[in-house]
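1. Let me see the structure of the following:
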Amino acid sequence: MTALADPGVNAGVHGMPFDPAVYRRLRIATPNDIRDAAILLRDTVRIHAGLDITASDSIARARPMRDAEGEVLAARIFPVARTQRWWLDRTLALRSPLIAAARLSAQPFWCNARGIWARGGRRILPEVDLADFAQRALARCAIVVPVHLPLGQIGIAGIVSPDPGCDDLGETFDACADVLALYASCFVSSYAGMVQTVSRLARAPVLSCREVECLRWAAAGKTNVETGIIVGLSQATVRFHIRNAAAKLDAVNRDHAVFKASQLGYLPASH
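-> Numbering: from 1, shown residues only. This next block holds a predicted model:
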């Protein structure tokens with residue numbers, strides 16, 4: 001497969017054109033589509049933005065994205081010189097500022113040691129620790145596309161300059177981020193949907209009104225005793241409803257149940 005039959009002129013910081021045909025070809029329906037779609041994504045980003053891309057369908061799993069033959073895409077299709085074999089580092093999800101920021105933002109951003117930036121140079125997410133940025137992020141700067149998927153799964157695309165000395169992608173981000181995000185999200189989300197296995201949680205757990213009511217007060221910081229007083233139930237009954245909800249959600253404890261219920265839309269988002 002030829003990734004781009006007519007690559008045109010390198011758009012660089014002048015903007016990245018959106019091509020509906022490319023977008024359609026990035027959509028993965030079967031395992032045999034993975035390799036061609038990955039090559040297309042890599043070459044499109046290189047030609048039109050002058051950058052390198054790598055991706056993961058889940059920041060919580062060590063298992064890397066693979067093609068139909070089992071080849072790791074990050075090794076064969078998305079090799080970024082400064083991040084070789086990053087998928088083997090099981091601590092990366094805990095220490096990378098890129099991943100920490102992706103957990104908190106649903107929108108693309110770019111970042112370096114000085115900050116995390118949205119379009120127009122607006123600084124965001126000041127709470128994310130950027131100490132020892134290059135060592136922890138495996139790059140001096142990066143454009144990041146978070147891909148928030150069903151059931152709380154988060155994928156990510158990391159886009160970096162081939163120049164190891166580059167530490168500012170602000171101009172390129174403003175010019176190209178919208179299209180980069182569309183392409184990367186299409187690729188990652190369709191891959192995740194194609195490889196997803198049926199799980200207990202994926203069978204759409206249905207919570208009762210009482211279970212949701214108890215979880216809502218738990219999310220508000222109320223104890224079981226306080227929740228019981230508010231809703232007119234005994235402490236034991238509140239505990240029973242929360243345990244039932246946790247079992248349905250395959251959650252390990254009360255806080256985990258609140259988180260999963262929120263991800264599934266049972267609870268209002270906290271601010």
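
2. Find the centremost residue of this structure, please.
-> The centroid of the chain falls nearest to Gly155 when counting by Cα atoms, centre = their mean (3.0 Å).

3. Which of the three states applies to it?
-> At Gly155 the chain is in strand, as set by DSSP: H, G, I helix; E, B strand; the rest coil.

4. Wait, it touches Ser58, no?
-> Yes - shown here, Gly155 and Ser58 form a contact pair, counting by Cβ atoms under 8 Å, at 6.1 Å. Heads up, the C-betas are built off the backbone N, CA and C, glycines and all.

5. okay, and the common contacts of those two?
-> By Cβ atoms under 8 Å, 6 or more residues apart in numbering, Gly155 and Ser58 have these common neighbours: Ala192.

6. before we move on, back to that, partners of the residue nearest to the centre of the chain in the sheet?
-> Beta-bridge partners recorded for Gly155 (DSSP bridges): Val147.

7. For it, give its distance to His256.
-> 21 Å (Cβ to Cβ, to the nearest Å).

8. count of residues packed around Gly165?
-> Burial of Gly165 is recorded as 6 neighbouring residues (other Cβ atoms under 10 Å).

9. Secondary structure of it: a strand, I assume?
-> No - counting by three-state DSSP, one finds Gly165 to be coil, located in no strand.

10. For it, give me the backbone phi and psi.
-> Note on Gly165: backbone dihedrals following degrees, to the nearest 10 are phi -90, psi -10.

11. so who does it touch?
-> Here Gly165 is in contact with Arg140 (Cβ under 8 Å, 6+ apart).

12. shaky segments in the chain?
-> Residue ranges of the chain with pLDDT under 70: 1-14, 62, 81-84, 197-204, 269-271.

13. where along it do the helices fall?
-> With DSSP state H, the ranges of helices along the chain come out as 20-25, 34-49, 73-76, 92-95, 97-104, 133-137, 170-195, 209-219, 224-231, 235-249, 254-263.

14. Kind regards, and thank you for your time.
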